[in-house]
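> Attaching a predicted model along with its sequence, questions to come.
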Amino acid sequence: MQADLLSPAQLAHVRHLFHTHSPLVHCMTNDVVQTFTANVLLAIGASPAMVIDDDEAAQFAAVADALLINVGTLTRDRAQAMRAAVNSAYAQGKPWVLDPVAVGALTLRSDFCRELLALKPAAIRGNASEILALAGMSRGGRGVDTTDEAATALPAAQALARQWVTTVVVTGEADYITDGARTTRVTGGDPLMTRVVGTGCALSAVVAASLALPGDRLDNVAAACGMMKQAGSVATANGRGPGSFVAAFVDALYAEVQA
Amino acid sequence: MQADLLSPAQLAHVRHLFHTHSPLVHCMTNDVVQTFTANVLLAIGASPAMVIDDDEAAQFAAVADALLINVGTLTRDRAQAMRAAVNSAYAQGKPWVLDPVAVGALTLRSDFCRELLALKPAAIRGNASEILALAGMSRGGRGVDTTDEAATALPAAQALARQWVTTVVVTGEADYITDGARTTRVTGGDPLMTRVVGTGCALSAVVAASLALPGDRLDNVAAACGMMKQAGSVATANGRGPGSFVAAFVDALYAEVQA
Amino acid sequence: MQADLLSPAQLAHVRHLFHTHSPLVHCMTNDVVQTFTANVLLAIGASPAMVIDDDEAAQFAAVADALLINVGTLTRDRAQAMRAAVNSAYAQGKPWVLDPVAVGALTLRSDFCRELLALKPAAIRGNASEILALAGMSRGGRGVDTTDEAATALPAAQALARQWVTTVVVTGEADYITDGARTTRVTGGDPLMTRVVGTGCALSAVVAASLALPGDRLDNVAAACGMMKQAGSVATANGRGPGSFVAAFVDALYAEVQA
């Protein structure tokens, strides 16, 4: 496997872009991570908005800078509203991200995620199990925790990126960001992040925000991953466990962007 | 513009009233701010209860001391349940608050908020864009962030208050509370509060709680705004960014009421 | 009333079991406590998963180690999905917990909780008002706060446990865990816990996790209560009010299990 490393200059550049562009991110995400996702986006200088009614979601996806679709607590009604939003984003040429939480293990979301691929997500963010499942190479893990390492899913990520002409992020101890041709590896963070709900889901929202920035998409998405890894390291050092991690993480993201 | 200032004595008096009356507040609010809203109400000595089924909402609105309607993540089903609750509150003479999140920008909620005005909210709390939009004077801002200053929306707030015989709160760097005749201005707080999701939504819940207290309504609502501003200043001083703000804010509210 | 006390050895043993077994807990809980519940489960070493669509919930309940049903923000649609999940858990012999939030005061949830009893919850966790109401001995309190002491509801808890062959937990200043024959009393914690939303709901999730552990069910459930009481005492000492309590509580649970 050949992978570039994220450069500190790119990381600093993207932080600055978030601050100056303040992308408006339409989030259709799961029930568990709403607050954390919103606070993470606010901390980096973006503007979150959770709009979920079918008609309003279609209306809002057309004006927001990017859209996040996270299927963590999918229902048939929510799938219908997400479909309306994605169609609207697609029609307006707005970038959108798919976070295929627990895809492979459960039928409704598996069918739905596969259906959505045809509407060309600009990025897909998942753990190794989810990326393998979405690429049709494995049944996926046990709920949201992964039993594979990100590197093992890289070939699946690259295949998925080529097939759907998208950027795929596989997260784990290291993150891999690939468009099928180029791959960037992002290290850092801390295993404590897996003991805090929503760190992956919030990253997907930051990836969505990064799609609205000017410049190279792969580099911007990699920088989004790098920002979260770096804040995770700081928060682990500053906190006293997974409880205090949450505030320390948001504070670290905010401090990074203000600096 | 002529506006009174909130007196420290009134602020202290209302804090005491929250502690002694412990109003039961029925919250029908958006998905993003549920936990924070509940913890803010608990901190000031009130009792929050989130009841959302059509029939249960109607049943509960008749016994709670006040009702909060926040349209942040409205759907058609939720609008129906809110309608049932507001009708029940109205029939029983219970005060209710309208928080018209992002009204003007999106159709379903704009129509719904205008429909609800006929059911006589005891208070309306929004930012400048939202108050302008609800008064029919502007199309509203971009999502939940406002691009206007509260003072610019004061004439709209006063017109709205007179038309619907209600108390209108426009929040911003300074908050204005008006019944169309009298206006009170509340200063304090910190811009960091706009980087934390739910501070405005939680204020609407505290405004709802304040409607259940004895005494002058305008003064009580102004004191509710003052409590939040003051806790915001303390939390900004005690925290290390928008992450640690959340806990510091709730601690500050609790300390104020216990003092 | 005759009640055993929880032994420190049992508490230590169950902490170790959570760490080594990492039970996968399917949570169908209310909107207000999703994040806190997930973070509490992660802190003790369990794996939370919130799956709420009818079909997915039935599918997931069959593979998860335990299921939590909390009716705090019940709707008719959610009741239908919960029914599907409970039926699936029941068919597969998986243990499930009922948290009958505010039962007695509201009709939909009261009827639903009574209906679910026939599907044999392995445990029921509520405050005194809720346990009294579920046993048909009182109309219940005002919302989620209780006006009774746990001890006054112990006879109702014991009757309920015998009638439905289950373990009943009544929480309050002291918690009582009973199977109708034996009763264990768990002390500790702090009244500050009643000023933080979700401590009871999160306990119900930890009780669900404890049902998946090997050993004596009553002892395991009592240890789950003891872990939460102990973390509550630590968090009250380490925090500065109900705001900072949340992080300190999760940190304390994590530290206990890691130790």
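Here it is on my side, so go on.
> On the pLDDT front, check A:Arg142 for me.
A:Arg142 is assigned a predicted lDDT (pLDDT) of 48.
> can you map out the strands along the stretch 51-200 of chain A?
A:66-70, A:96-99, A:123-127, A:167-171, A:175-178, A:183-186 (DSSP state E, counting those that start in this stretch).
> quick one: contacts for the residue in chain A that chain B sits nearest to?
Closest residue of chain A to chain B, C-beta to the nearest C-beta: A:Val250 (2.9 Å). Backbone N, C-alpha and C define where each C-beta goes, glycine included. Contact partners of A:Val250, counting by C-beta atoms under 8 Å, 6 or more residues apart in numbering or on different chains, are A:Asn39, A:Val40, A:Ala43, B:Gly241, B:Pro242, B:Gly243, B:Ser244.
> Which of the residues you listed are buried? Put it as a PyMOL command.
The buried residues among those can be selected in PyMOL (16 or more other C-beta atoms under 10 Å in any protein chain shown) with this line:
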select buried, (chain A and resi 39+40+43) or (chain B and resi 241+242+243+244)
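> Quick one: classify the residue of chain A closest to chain B as helix, strand or coil.
Counting by DSSP: H, G, I helix; E, B strand; the rest coil, the backbone at A:Val250 sits in helix.
> Skipping adjacent residues, who's closest to the residue of the stretch 101-250 of chain A found nearest chain C in space?
Nearest residue of the stretch 101-250 of chain A to chain C: A:Gly243, at 2.8 Å (C-beta to the nearest C-beta). Leaving aside its chain neighbours, A:Gly243 sits nearest to C:Val250 (2.8 Å; criterion: C-beta to C-beta, 6 or more residues apart in numbering or on different chains).
> So for that neighbour, what's the pLDDT?
For C:Val250, pLDDT reads 98.
> can you check A:Val257 too?
If you check A:Val257, the pLDDT there is 84.
> List the contacts of it.
A:Arg15, A:Phe18, A:His19, A:Ala43, A:Ile44, A:Gly45.
> Lowest pLDDT pick from these?
A:His19 (93).
> any idea what sits nearest it, other than its immediate chain neighbours?
Once flanking residues are discounted, A:His19 sits nearest to A:Gly45: 4.4 Å by C-beta to C-beta, 6+ apart.
> what two of the contacts of A:Val250 have the greatest distance between them?
Farthest-apart pair in the contacts of A:Val250 is A:Val40 and B:Ser244; separation 14.2 Å (C-beta to C-beta).
> Contact residues of chain A facing chain B?
Proximity of chain A to chain B (C-beta under 8 Å from any C-beta of the partner chain) is limited to residues A:24, A:31, A:34-35, A:38-39, A:42-43, A:47-53, A:55-56, A:59-60, A:63-64, A:77, A:81, A:246-255.
> Relative to chain C, which of the contacts of A:Val257 is nearest.
A:Ala43 (16.4 Å).
> gap between A:Ala161 and A:Ala153?
If you measure A:Ala161 against A:Ala153 using C-beta to C-beta, to the nearest Å, the figure is 12 Å.
> and the two? which has more neighbours close in?
The residue with more neighbours, out of A:Ala161 and A:Ala153, is A:Ala153; 29 against 25, by other C-beta atoms under 10 Å in any protein chain shown.
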